[in-house]
Every structure is written in C-alpha cells, then in structure tokens.
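# this one's sequence-less:
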C-alpha cells in the first residue's frame, strides 16, 4: 500500500492541500507531487489516501501518476476509486495506458470509473494515430456494461472521423437500446465528410423513427459537405429535407442547419424562404451566413444569387448585406481564397529561409497535422490575400502551410500564379510544381508555373516561409496561356472525396 508522509497525514484537509500545492515548499518553487509521496506510511487509512489522491488530481502533475496508479491497484475501494477518478480527469492523455489497464483489470465501481476515464482521455487532443484511437474505442465497447457507457463509446468513435469507425457506428444504429442508437445517429451527424449521408437519409425519411429529427439535422449538415455534387441535385436534397420537417419549428431547425453549410445549393434554397411568414427571419440569417462563407470560394455564384435576393427580399437587413457581399465578392476576382492553415512550424537555431527544405508534418505522407480555416477579407485592398500573420501565432523564423481543394470537370492544363511573403513551395496532388526560397513582400503573380489538374478533386498545398515582418500569400489558376480565368472549376476549403 502507498504510505504518505506523516507530516502531511497529521494535518487537516486544507493543510494537506497547502502542503501539496504550495510552491514555496518545493525545491525550485514548483510543486512536485512525486517527491512529496516518495515516502511510505503504512498507517494511512483509506480516507486519507482518497483525500490526497483528489489533491494530486487537482494539481495534475505527471510525477504523481506512478503513485496514483499504485493506489488504484493496491488500495481498497474508496481510495482506489479516488485514484482512478484523479487520473480520469487529467488534462492530458498521459494516464491513458494506466487507466486502460485498470478498465480491464479492476472490478466494481473502480472498473466503471476507469472505463469512463479511458473514454474521456481518448477524446483529448493527441498525436496518437486515428486507427489506434478507433481500436481502443472498439475495445472499450466490449467492456462497457451499461447502455449509457456504450453510447459514450459510440459518440467517441464519431469524434475520430475515421472511416474504420463507421462499421461499428452503423451497427449501433440498430441497437435495441435507444440511447445507443441515438448516439450513433449523432455520431454520423458530425462526420467530417459526406460518407454516411445515405444512412442518415434513410432514418430521416422514416417518420415513425424516434430518431427521425436527429437524423434529419445531421443529414442536412452532411448534404452541404459534398461540394462536387451538382448544384441542382443539392438543392433537391435540401428541398426534400424541408419537406420532411414535420412543422415550422422543425423547419426553422433545418434552416438553421442550412445556414452552417458552405454550399451554393443551400444558398439558393434559403433565399426561397425570405418572404415566407414563418421562416423569413431564419432564412435571412441563413442567406447572409452562407453567402459570407462562399464569397471568396464561389464569388461568381454569390454575386448572381445576391443580386436576385437584393431585388426580391423585403428584409432591409438582407438587402444591405446583399449589396455589401456583391461588392466584396467582386474584389476576390479569380483568386483561390478558401484556404486552411497549419502551423507555425519552427526549428531551434534555424532562420526562416533555412526551414524551406526542412519537411514538417503537412508535407510528410501519413503524418498528422492540425488544420484550421483562414479568415477571408482581412486586407481591404487585397481581400484575396491570405494574411497568415492574422490567422496563426506570428513571429520570426517559421513556416506555415496552406491548403485548398479544386475540382476540375476534366484533365486541365493551367497556369498557377503566386505571390508570397516570404518564400514559397507548392505541391499539387503531392507533386512539387514550384519552389522559390526568397525574402520579399507579397506581389501577385511574382511566380508562375504550368500545372496539370486532374479530372475530379485536386489538392493544392503551399509552404510559406517567414523571416520577419508581414507574412502571407495569394494564388490563382489561369488558362495555360495566362490570359484569363479557368472555367469548369469548383472549390472547397476542406478535403473532398
């Protein structure tokens, strides 16, 4: 059994906490729970151990994890559960392997707490491969003893967004326990791509299903993720969703979900309800939200639709916003503006130009990289300019990566025009097409390269170095001779299939 320092055990709860957490008592001024519990005191009772485990959990210093693990294994019920609870609430996934082992070996309340802790820790941000996370969730599902715990596992699988999790989630749709089946529907509703659309459509169309409304909301979201689908088909799917909504209140929910999409079809449908007495306010909000999200990605479509909206709408707010969006969309010209950014990436002692040929995760096959959307229109003079220093943490001597996705109707030769501050390297579908390790301000078309777009979706990845000062880039695709914009293209800021 763990033995705690007698000087700590003899104190009140408040004094124990102060002894553990006061930096003034620790060499170097930093709390070090591992040092505080290095001594053994066989007479410590279960309540004392439980109280100290709670305090160690609140401090959440990794040096305490070994001792907490020993308590969880060797102590009696209350102390063991307190140790597991402390590890389960850890702010990082550091105790995951310990809690995982306890979920398999412990019994009673301790085992339940360990399983739930394992599921929580699995959901924390980590560089663990997705397939490993899916495998651990699948194992947790076999250990879950209650419908609620199984539902939590299914929700966690949905958060992974990994295709390997889909068969398990699909099976859970037919679970006899409603809470599990509901969790499966919700998991599919937050999926990062449109793969489960048909599964949710089947449930959304079954008006006798207790999960019809939940499925309908998820279905509406997934419909908006497939940017390659023809616009008229997307409009038809959204229209069907509105017809499936049982009443105006549910139609308002669909309209609200519609407003979160980045899809021209959604914009067209929402605009049809601007003069509907039951949905006019929701439709106005949806129209403006969708149009703002598309202004840089599909500027031509936004200008065309918003001109019609401005002429027909009775809502003054919508009219004003429409005029502003038309003006804004015109300034994007034919530049690529639907970007995601990853970074910054640095290396000790390396200048910005020295990082040019140093590969980081986004350009390494199979490596994990975090991506987030880049805000549009941050530069009034050049709204198509991607101002990296306004999207991520800025500073000197670093690099960032930008990516976007372009759909071509057929194999197409094009001219890529690029401006960057500072140097730039560009890949299309994994093939490097341009590299210029330089220090300069952004000037459109400073570099250009002949490139080949394949039929279907193409991934454009750019690496932009930063020595100091401003940091950004702009790019567009032109006809092969550079005389005008390409036609037959669609754009998306997130990966597409």
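It's in. Only a predicted model underlies this, so the values are computations on that prediction, with no experimental measurement involved.
# every contact and neighbour count from this point should use C-alpha atoms.
OK.
# how close does residue 467 sit to residue 354?
Going from residue 467 to residue 354 by Cα to Cα, to the nearest Å gives 10 Å.
# strands of the stretch 301-450 of the chain, residue ranges please.
Along the stretch 301-450 of the chain, the stretches classed as strands by DSSP state E, counting those that start in this stretch are 340-345, 372-373, 386-387, 398-408, 412-421, 424-428, 431-436, 447-453.
# so which of those is nearest residue 139?
strand 372-373 (30.7 Å; Cα to Cα).
# return the set of buried residues in stretch 226-239.
Neighbour counts over stretch 226-239 (16 or more other Cα atoms under 10 Å) mark 226-228, 234-235, 237-239 as buried.
# contact partners of that stretch?
193-194, 220, 223-224, 263-266, 268-269, 407, 490-492, 496-497 (Cα atoms under 8 Å, 6 or more residues apart in numbering).
# can you go through those residues and name the buried ones?
193-194, 220, 223-224, 263-266, 268-269, 407, 490-492, 496.
# which one of the residues you listed is nearest to residue 318?
Top of the list for closeness to residue 318, among the buried ones among the contacts of stretch 226-239 and by Cα to Cα, is residue 268 at 14.2 Å.
# low-confidence ranges in the protein?
Counting by pLDDT under 70, the low-confidence segments of the chain come to 1-44, 75-76, 227, 231, 497.
# any idea how far the nearest residue to residue 422 once chain neighbours are set aside is from residue 447?
Take residue 422 and drop its neighbours on the chain: the residue closest to it by Cα to Cα, 6 or more residues apart in numbering is residue 439, 4.7 Å away. Noted for residue 439: a distance of 13 Å to residue 447, by Cα to Cα.
# then residue 132?
42 Å.
# more neighbours: which of those two?
Relative neighbour count places residue 447 above the other of residue 132 and residue 447, with 16 against 10, counting by other Cα atoms under 10 Å.
# how about the contacts made by the more buried one?
The contact partners of residue 447, by Cα under 8 Å, 6+ apart, come to 417-419.
# try 10 Å
For residue 447, the contacting residues are 416-420, 424, 434-436, 475, by Cα atoms under 10 Å, 6 or more residues apart in numbering.
# can you select the buried ones from those in ChimeraX?
Burial among the contacts of residue 447 is assessed by 16+ other Cα under 10 Å; the matching ChimeraX selection reads:
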select :416,417,418,419,420,424,434,435,475
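# ok, residue 312 touching residue 319?
Yes - contact status for residue 312 versus residue 319: in contact at 8.8 Å, counting by Cα atoms under 10 Å.
# shared neighbours, those two?
Counting by Cα under 10 Å, 6+ apart, the contacts common to residue 312 and residue 319 are residue 306.
# next, the buried residues of stretch 64-71.
With burial defined by 16+ other Cα under 10 Å, the residues of stretch 64-71 counted as buried are 64-65, 67-69, 71.
# for residue 432, give me its contacts.
With Cα under 10 Å, 6+ apart as the criterion, the residues that contact residue 432 are 425-426, 451, 460-462.
# any chance of those in JSON lines, with distance to residue 348 too?
Formatted as JSON lines, these follow (distance: Cα to Cα, whole Å):
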{"residue": "425", "distance to residue 348": "21"}
{"residue": "426", "distance to residue 348": "24"}
{"residue": "451", "distance to residue 348": "35"}
{"residue": "460", "distance to residue 348": "28"}
{"residue": "461", "distance to residue 348": "24"}
{"residue": "462", "distance to residue 348": "22"}
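# would you show me how to pick out the buried ones of those residues in ChimeraX?
Applying 16+ other Cα under 10 Å to the contacts of residue 432, the buried members can be selected in ChimeraX as follows:
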select :425,426,451,460,461,462
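# SS state for residue 287?
Three-state call for residue 287 (DSSP: H, G, I helix; E, B strand; the rest coil): helix.
# residues touching it, list them.
By Cα under 10 Å, 6+ apart, residue 287 lies in contact with 255, 258-259, 266-274, 281, 305-306, 309, 318, 321-322.
# how close does it get to residue 255?
Residue 287 sits 10 Å away from residue 255 when distances are taken as Cα to Cα.
# give me the common contacts of those two.
With contacts taken as Cα under 10 Å, 6+ apart, the residues that reach both residue 287 and residue 255 are 266, 269-270, 273.
# just the closest of those to residue 244, please.
Nearest to residue 244 among these: residue 269, at 14.7 Å, using Cα to Cα.
# all helices of the stretch 251-400 of the chain, in order?
Applying DSSP state H, counting those that start in this stretch to the stretch 251-400 of the chain gives helices spanning 264-272, 280-294, 299-312, 316-331.
# also the stretch 1-150 of the chain?
Along the stretch 1-150 of the chain, the segments classed as helices by DSSP H, counting those that start in this stretch run 6-9, 13-21, 33-36, 46-59, 65-74, 77-88, 96-105, 108-122, 130-143, 147-160.
# hey, which of the ones you listed is tucked in deepest?
The densest packing among these, expressed as mean neighbour count by mean count of other Cα atoms under 10 Å, is seen in helix 77-88 with a mean of 26.
# mind putting the contacts of residue 447 into CSV with distance to residue 296?
As requested, the contacts of residue 447 are arranged in CSV below (distance: Cα to Cα, whole Å):
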residue, distance to residue 296
416, 18
417, 17
418, 17
419, 17
420, 19
424, 22
434, 24
435, 26
436, 26
475, 13
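# no further queries at this time; thank you.
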